[in-house]
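Student: What shape does this take:
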Amino acid sequence: MFTRVVELKAKLGKTKELASVISGKVLSILNKQQGFQDEIILVSSSDPSQVRVLSFWNSREDAERYHREQFTQIKEIIQNYCDGAPEVTTYDVNTSTVHRINQGKAA
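Tutor: Model prediction:
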């Protein structure tokens, strides 16, 4: 399993709207993507303008296809709620109780 972590900084007073757009419009796009498994939206408790979105994919290839084919559209959808461009990092999932992945068996 593979994950993308998108780091966002919400504009002042726009965190709830940003999270709502992600859980609505963005998630509806993600649900149509091959290999998409799950999404988690995190809002910092110490700095509510800091938002992290974790998306889980069957494979790196699925996540990269999504990034190439859909992420420009996603950035356009969220741009009015964000201060700056999203930062994307990627990870192999080592362990997940929710996804029933044992240590090192994600691939």
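Student: any low-confidence regions in this structure?
Tutor: Low-confidence segments of the chain (pLDDT under 70): 99-107.
Student: Does E39 lie in a helix or a strand, and which?
Tutor: In this structure, E39 sits in strand 36-43 according to DSSP states H and E.
Student: And the contacts of that strand?
Tutor: Contact with strand 36-43 is made by 1, 15, 19, 22-23, 26-27, 30, 50-58, 62, 66, 98-99, as judged by CB atoms under 8 Å, 6 or more residues apart in numbering. Every residue, glycine included, has its C-beta placed from N, CA and C.
Student: What residues of the helix or strand immediately after it in the chain count as buried?
Tutor: As assigned by DSSP H and E, the chain's next helix or strand after strand 36-43 is strand 50-57. By neighbour count on 16 or more other CB atoms under 10 Å, the buried set for strand 50-57 is V51, V53, S55, F56, W57.
Student: ditto for stretch 54-71
Tutor: S55, F56, W57, R60, D62, A63, Y66, F71.
Student: Make TSV out of those and add distance to S46.
Tutor: What follows is the buried residues of stretch 54-71, written out as TSV (distance: CB to CB, whole Å):
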residue	distance to S46
S55	23
F56	25
W57	29
R60	32
D62	33
A63	29
Y66	30
F71	28
